[in-house]
Structures are given as C-alpha cells and as structure tokens.
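*Asks:* Structure here, sequence nowhere to be found:
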C-alpha cells in the first residue's frame, strides 16, 4: 500500500497528465472500460458453460458435458490471456 504522501503525489501526476495529454487519458480509460465489459462477458460465458456441464451430467449426456467443459476452458483462456499481458 502506498503512503499518504505517495498517494498524494500520484494524484498530482494523474491530474497533470489529464491536463497535459487528455487524448492519452481517454485512450487509457477506453481500454479499461472495454476490458470491464469483456470481463463481464467472460464471467457470464464461464457460468453458462458450468450450467451446461451440470445439466449435461444430470441428463447423462457425455457430449454435452464435453462441450460444457470445453466452454469453461475457452472462457478461462480468454481470462488468463488478458491477465498475463
């Protein structure tokens, strides 16, 4: 955790950057906003894949369970690929 002086200095730097180069700040904010939307989509896709897997296992469909597990793997891969950057 940053000390109070470090937090204050960081806030000063951020304010100066917003004044000095607003285009950069807008691109940076847009990038993080896009990742938030993508993160929500990935979480929903993972939950959907878990649901498909559970339903497939309950009804005894091996193929459905396989596709559900594959969906979980894809959603996990998308999540991890962004977090590793």
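*Replies:* Received it, and whenever you're ready, just let me know what you need. Not measured: the values here are computed from a predicted model.
*Asks:* Please list the outside residues in contact with stretch 38-54.
*Replies:* Stretch 38-54 is contacted from outside by 64-65, 67-72, 74-76, 78-79, 82, using C-beta atoms under 8 Å, 6 or more residues apart in numbering. C-betas here are computed from N, CA, C, even on glycine.
*Asks:* Same list (those) but as a markdown table, adding distance to residue 27, neighbour count and secondary structure.
*Replies:* Converted to a markdown table, those look like this (distance: C-beta to C-beta, whole Å; neighbours: other C-beta atoms under 10 Å; DSSP: H, G, I helix; E, B strand; the rest coil):
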| residue | distance to residue 27 | neighbour count | secondary structure |
| --- | --- | --- | --- |
| 64 | 42 | 17 | helix |
| 65 | 43 | 18 | helix |
| 67 | 38 | 15 | helix |
| 68 | 37 | 21 | helix |
| 69 | 37 | 15 | helix |
| 70 | 35 | 13 | helix |
| 71 | 32 | 18 | helix |
| 72 | 33 | 18 | helix |
| 74 | 28 | 14 | helix |
| 75 | 27 | 20 | helix |
| 76 | 28 | 14 | helix |
| 78 | 22 | 16 | helix |
| 79 | 23 | 16 | helix |
| 82 | 17 | 12 | helix |
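*Asks:* Show me the helices in this structure, by range?
*Replies:* 4-20, 22-59, 62-83 (DSSP state H).
*Asks:* need those helices in TSV with mean pLDDT, can you?
*Replies:* Putting those into TSV (pLDDT from 0 to 100) gives the following:
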stretch	mean pLDDT
helix 4-20	86
helix 22-59	85
helix 62-83	89
